[in-house]
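Give me a 3D structure for the following:
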Amino acid sequence: MAVSGGPIDVTVPSQRGSSRPRIALHRVRTLRPDDCTLREGIPVTTVSRTLLDLAEVVQPRRLAAAFEEAERLGLLDTTALHELCERSPGRHGLPALHALLDDARDPPETRSELERRFLELCRDHDIPRPLMNARVAGLEVDALWPDERLIVELDGYAYHRTRSAFERDRARDATLQLAGYRVLRITARRLGRDPDTVAAAVRALLIAPSPPARAPRSAQAG
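Alright, predicted model coming up:
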C-alpha cells in the first residue's frame, strides 16, 4: 500500500529483499500462500493480511478507517480475518483488530425486530407511540407522528449497505421532505448502543415546531 506521493509498502518473508528508494520494506516471519493474491498480475497481500500488517504500524483511527473502507467496498472477509488472527499469535496489532471484528459482528436484524426495539424505546422513554408502516407521499415509512410531521426510518445494516440502497434512501428522504415532513434515520447499531441519545433526538424533534404542510402544486398555482 502506498499513500499518494509516499513510498510503496512491500511485505517480504524473513530476510528476503533489500531496501530500495521509495520502497518501505516490511520483513515478516512468515507469508503463507493464502496471505497473497494477484491484482492486475501483481502479487499483493490479501485484504485480511494487509489489515493485520497495518494494525502494527498505524494508529487505531487509521486502522478503523481502512477496515471500514474494505467493508464499504465489499472486500472485507471477516471470517478470513478472524482465522488469520487466530493463527497469528503474538502480533501487536491483534487487540485493535479483535475490537474491530467484535464491533462488526452485530447480528443482522429483521425489520420487525427493529420496529419492536424502537417501540420499546418509545415506551421506556415516555415517547408517544407512532403509527408504524404508514403511507406518506406514496411511500411506506417505518414510524410516523402525523401531527408533528415527523418520520423515523429504521436502517438495518443488511438492507442499507449497498450503493443502490444509499441512493434509494436519499431519494425517499427528498420526497418526504418535499411533502413537508422531517426525516430522522436511526441505525440498528445506534439504537442498540446509544438509546438515550436516540430517544433525546426523537423527543426534541417532536416538541420542535413542525414545518407547515405544503399544498398540492395545483392549489398553489392560483
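
Low-confidence stretches in this structure?
Across the chain, the ranges flagged by pLDDT under 70 are 1-6, 14-20, 25-26, 105-110, 157-164, 210-222.

Please, where are all the helices along it?
Along the chain, counting by DSSP state H, helices occupy 47-54, 60-72, 78-86, 94-104, 111-124, 157-160, 163-178, 188-193, 195-207, 217-220.

Need these in CSV (columns: mean neighbour count and distance to Val136).
Where you see a C-beta, it was placed from the backbone N, CA and C, and this is true even at glycine. Formatted as CSV, those follow (neighbours: other Cβ atoms under 10 Å; distance: least, Cβ to Cβ, whole Å):
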stretch, mean neighbour count, distance to Val136
helix 47-54, 21, 41
helix 60-72, 15, 30
helix 78-86, 16, 37
helix 94-104, 16, 33
helix 111-124, 15, 16
helix 157-160, 15, 19
helix 163-178, 13, 6
helix 188-193, 16, 21
helix 195-207, 15, 16
helix 217-220, 8, 17
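
Indicate which one of those is closest to Glu148.
Proximity to Glu148 (Cβ to Cβ) singles out helix 195-207 among those, at 5.2 Å.

still on that earlier bit, now render the helices of the chain as JSON lines, adding distance to Leu150.
Output for those, formatted as JSON lines (distance: least, Cβ to Cβ, whole Å):
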{"stretch": "helix 47-54", "distance to Leu150": "40"}
{"stretch": "helix 60-72", "distance to Leu150": "29"}
{"stretch": "helix 78-86", "distance to Leu150": "36"}
{"stretch": "helix 94-104", "distance to Leu150": "30"}
{"stretch": "helix 111-124", "distance to Leu150": "12"}
{"stretch": "helix 157-160", "distance to Leu150": "20"}
{"stretch": "helix 163-178", "distance to Leu150": "10"}
{"stretch": "helix 188-193", "distance to Leu150": "16"}
{"stretch": "helix 195-207", "distance to Leu150": "5"}
{"stretch": "helix 217-220", "distance to Leu150": "23"}
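
Can you tell me which of those is nearest to Arg29?
Here helix 47-54 is closest among those (Cβ to Cβ), at 12.0 Å.

what does that closest one contact?
Contacts with helix 47-54, where a contact means Cβ atoms under 8 Å, 6 or more residues apart in numbering, come from 1, 11, 26, 28, 31, 35-36, 44-45, 62-63, 66-67, 70, 75-77, 80-81, 84-85, 88, 91, 93, 97.

how does it look with 6 Å?
With Cβ atoms under 6 Å, 6 or more residues apart in numbering as the test, helix 47-54 has contacts from Asp35, Leu63, Ala66, Ala70, Leu75, Ala80, Leu81, Leu84.

Max pairwise distance over those residues: which two?
Maximum pairwise distance among those (Cβ to Cβ): 17.7 Å, between Asp35 and Leu63.

I'm done for today, thanks for sticking with me.
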